[in-house]
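*Asks:* Using only what follows, build the 3D model:
(one chain, ligands or ions: 3)
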Amino acid sequence: MLRVAIPNKGTLAEPAAAMLREAGYRQRTDSKDLVCRDEGNDVEFFYLRPRDIATYVGSGDLDLGITGRDLLVDSGAPAEEVIDLSFGRATFRFAARPDRIGSLDSLGGHRIATAYPGVVERHLAGQDVKAEIIRLDGAVENAVRLGLADVIADVVETGATLRQAGLVVFGEPLLHSSAVLVRRTGAPGCAQADQLLRRLQGVLVARRYVMLAYDVRADLLEQATGLTPGIESPTISPLHREGWVAVQAMVRRDDVHRMMDELYDLGARAILVTNIHACRL
Ligand SMILES: Nc1ncnc2c1ncn2[C@@H]1O[C@H](COP(=O)(O)OP(=O)(O)OP(=O)(O)O)[C@@H](O)[C@H]1O
Ligand SMILES: O=P(O)(O)OC[C@H]1O[C@H](OP(=O)(O)OP(=O)(O)O)[C@H](O)[C@@H]1O
Ligand SMILES: [Mg+2]
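*Replies:* Numbers count the residues shown, from 1 in each chain. Ligands and ions are numbered 1, 2, ... in the order given. Next up is the predicted model:
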């Protein structure tokens with residue numbers, strides 16, 4: 001059986017389980033369960049702290065895992081990203097009081113509180129900056145207020161937590177994070193792992209694209225399909241009405257309204273959008 005690590009709690013847990021369900025895998029029904037066997041797909045899911053997942057995968061005890069890119073980097077484990085799963089997006093940034101530290105150059109010699117010491121160490125080493133790293137478990141924004149540190153390095157999503165603590169970000173983000181599928185570095189594939197990867201890629205495409213269908217005069221077909229080239233090529237079907245054709249093409253969800261306006265202006269009619277529930281490209 002393929003053995004896959006899934007976050008048991010925190011920001012990534014629910015969206016990871018939702019994505020696997022969407023990909024046709026069985027997931028636990030009780031949030032206290034630590035293991036869930038999906039006999040039909042020959043996969044066993046292990047629910048672990050997201051921070052530990054790269055360690056289990058890097059050691060080879062588990063085959064694949066879903067964790068955050070920042071947690072993967074922080075672990076230093078010999079595991080690598082297979083695909084970006086496009087949820088759990090956040091940046092990882094330095095922040096301080098507005099009047100204190102304004103740039104990376106002035107970080108040297110300061111005390112930096114963080115729950116991600118591996119990410120910060122790697123970043124500072126790359127910039128040749130020497131600073132003291134204070135490892136905390138969470139709520140690191142309080143470390144500045146309480147005088148334990150001058151700077152924090154933490155996950156920033158909306159920025160609301162920083163604002164509340166009277167801190168502002170400075171410098172470029174240390175990294176852009178999101179949930180990722182990981183495997184042991186250089187690990188060979190297997191049939192069940194390839195299937196899981198293809199199914200997750202299918203979910204990503206189904207979420208990102210919609211199916212657009214419309215009718216257009218045959219003499220405008222080249223212009224219309226120039227707007228909607230699809231992924232491979234659009235499907236063209238004859239219509240009973242002389243001189244008209246029906247077109248079907250996948251288009252990016254983000255673009256669909258602009259495209260519908262342009263197609264309408266061109267003379268296309270009966271423009272319909274439908275969701276894609278699943279796909280294999
Ligand atoms: N708003 C957010 N807060 C924290 N982590 C986030 C956020 N958005 C995305 N993430 C990502 O979630 C992962 C951290 O998850 P983790 O479960 O360790 O912490 P958490 O969601 O803050 O939960 P807890 O603090 O209760 O342990 C990281 O990869 C991080 O980049
Ligand atoms: O930019 P925001 O939208 O405010 O989100 C980022 C904040 O959320 C997380 O904290 P969490 O509530 O998980 O507490 P923790 O620090 O104890 O993990 C993270 O550590 C930041 O503090
Ligand atoms: Mg947290």
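*Asks:* Give me the secondary structure label for the residue nearest to residue 2 when sequence neighbours are not counted.
*Replies:* Among residues not flanking residue 2 along the chain, residue 192 sits closest, at 3.8 Å (C-beta to C-beta, 6 or more residues apart in numbering). In this view, the C-beta of every residue, glycine as well, is placed from N, C-alpha and C. Classification of residue 192 by DSSP: H, G, I helix; E, B strand; the rest coil places it in helix.
*Asks:* ok, the residue nearest to residue 171 when sequence neighbours are not counted - contacts?
*Replies:* Nearest residue to residue 171, sequence neighbours excluded (C-beta to C-beta, 6+ apart): residue 104, at 4.2 Å. Residues near residue 104 by C-beta atoms under 8 Å, 6 or more residues apart in numbering: 94, 127, 129, 170-172.
*Asks:* How confident was the prediction at residue 104?
*Replies:* As predicted, residue 104 sits at a pLDDT of 76.
*Asks:* Let me see the contact set for the residue of the stretch 101-250 of the chain found nearest ligand 1.
*Replies:* At 3.5 Å from ligand 1, residue 157 is the closest residue in the stretch 101-250 of the chain, using C-beta to the nearest ligand atom. Residues counted as contacts of residue 157 (C-beta under 8 Å, 6+ apart) are 89-90.
*Asks:* give me phi/psi at it?
*Replies:* phi -110, psi -80 (degrees, to the nearest 10).
*Asks:* What ranges does the stretch 101-250 of the chain have for its helices?
*Replies:* For the stretch 101-250 of the chain, the helices defined by DSSP state H, counting those that start in this stretch occupy 117-127, 142-145, 160-164, 191-208, 221-227.
*Asks:* Out of the ones you listed, which gets nearest to residue 1?
*Replies:* Each of the helices of the stretch 101-250 of the chain has some distance to residue 1 by C-beta to C-beta; the shortest is helix 191-208, at 7.5 Å.
*Asks:* What residues of the closest one count as buried?
*Replies:* Within helix 191-208, the residues that count as buried by 16 or more other C-beta atoms under 10 Å are 192-193, 195-197, 199-206.
*Asks:* Using CSV, please lay out the helices of the stretch 101-250 of the chain together with mean pLDDT.
*Replies:* As requested, those are exported to CSV (pLDDT from 0 to 100):
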stretch, mean pLDDT
helix 117-127, 96
helix 142-145, 96
helix 160-164, 97
helix 191-208, 97
helix 221-227, 97
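*Asks:* Up against ligand 2, what does the stretch 101-250 of the chain have?
*Replies:* Residues of the stretch 101-250 of the chain lying near ligand 2 by C-beta under 6 Å from any ligand atom: 138-139, 141, 154-161.
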